[in-house]
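A.B. asks: How does the following fold in three dimensions:
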Amino acid sequence: MPEGDTVFHTAATLRRALAGKTLTRCDVRVPRFATVDLTGQVVDDVLSRGKHLFIRVRAASIHSHLKMDGSWRVSSRSADHRTRIILEAGDVRVVGVDLGLLEILDRADDLSVVAHLGPDLLGDDWDAGVATRNLSADPDRPIGEALLDQRVMAGIGNVYCNELCFVSGYLPTTPVGKVGDPLRLVSRARDMLWANKSRWNRCTTGDTRPGRQLWVYGRAGQACRRCGTLIASDNTGERVAYWCPACQR
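C.D. replies: Take a look at the predicted model:
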């Protein structure tokens, strides 16, 4: 599931593949921007902001959001019905697949579309104090809901939300005001994403062996890695919640 770490790593991969190179093909397969052709222009940079990704090509900026199923791939694979954009620079081909959002923006004002976001957990603007104040602004709000709000801090998705609640010992439904040390929670969020920003296989337990990377996410009915209690889940909301009934109160 794409979260801030995945987008950060994707941006780094695309930057290595495209930055400084001239586009020899630009095929945008989104009706609104299908006539845009950036062929002949140089890719200046690729950057991420929370879960958003920007490919900056001189006066334009290709803005995308992966949503649930999207991905960018440096690949020679053929295009199919899921392809939203193809960029080529000589022998390098980059394909955007199943992108939840794809638009071409004016480079001079591209970041205005993410101005509403809180501090980026993997960005230069990261500020733990601001993130803590954002998190604590509504003490009655459930932790799980607050962590998923990108206006609080940018980059957390459902995997990290559930994992953070577990390592902090709180149920996702616990009001933010009940969190004893919100700064510590925010700092743990930063540490988790930072540890995973350069790898595709996300790990929050410290054990990178297959099947042992996560504490609770996706493990409903399995034994808690700490106490052995069966992991519970709730899929009645927009996002599935996972927790240990013994370790989280």
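
A.B. asks: How are the strands of this structure distributed by residue range?
C.D. replies: Taking DSSP state E as the criterion, the chain carries its strands at 25-28, 43-49, 52-57, 60-65, 71-74, 83-89, 92-97, 101-106, 232-234, 241-243.

A.B. asks: Is it possible to get a markdown table of the ones you listed that adds distance to L122, mean pLDDT and mean neighbour count?
C.D. replies: C-beta: built from backbone N, CA, C; applies to glycine. Below are the strands of the chain laid out as a markdown table (distance: least, CB to CB, whole Å; pLDDT from 0 to 100; neighbours: other CB atoms under 10 Å):
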| stretch | distance to L122 | mean pLDDT | mean neighbour count |
| --- | --- | --- | --- |
| strand 25-28 | 27 | 97 | 18 |
| strand 43-49 | 7 | 98 | 21 |
| strand 52-57 | 12 | 98 | 23 |
| strand 60-65 | 16 | 98 | 21 |
| strand 71-74 | 17 | 94 | 18 |
| strand 83-89 | 23 | 97 | 20 |
| strand 92-97 | 21 | 96 | 20 |
| strand 101-106 | 19 | 98 | 16 |
| strand 232-234 | 28 | 97 | 15 |
| strand 241-243 | 24 | 98 | 25 |
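
A.B. asks: so which of those strands gets nearest I143?
C.D. replies: Nearest to I143 among these is strand 241-243; the distance by CB to CB comes to 10.6 Å.

A.B. asks: Direction included, what does the closest one pair against?
C.D. replies: Strand 241-243 has the following strand partners under DSSP bridges: strand 232-234 (antiparallel).

A.B. asks: separation between W126 and D181?
C.D. replies: Separation of W126 from D181 (CB to CB, to the nearest Å): 18 Å.

A.B. asks: can you tell me which residues contact D140?
C.D. replies: 175-177 (CB atoms under 8 Å, 6 or more residues apart in numbering).

A.B. asks: If you could redo that for V176, that was the one I meant.
C.D. replies: Shown in contact with V176 (CB under 8 Å, 6+ apart): 135-136, 138-143, 146, 182.
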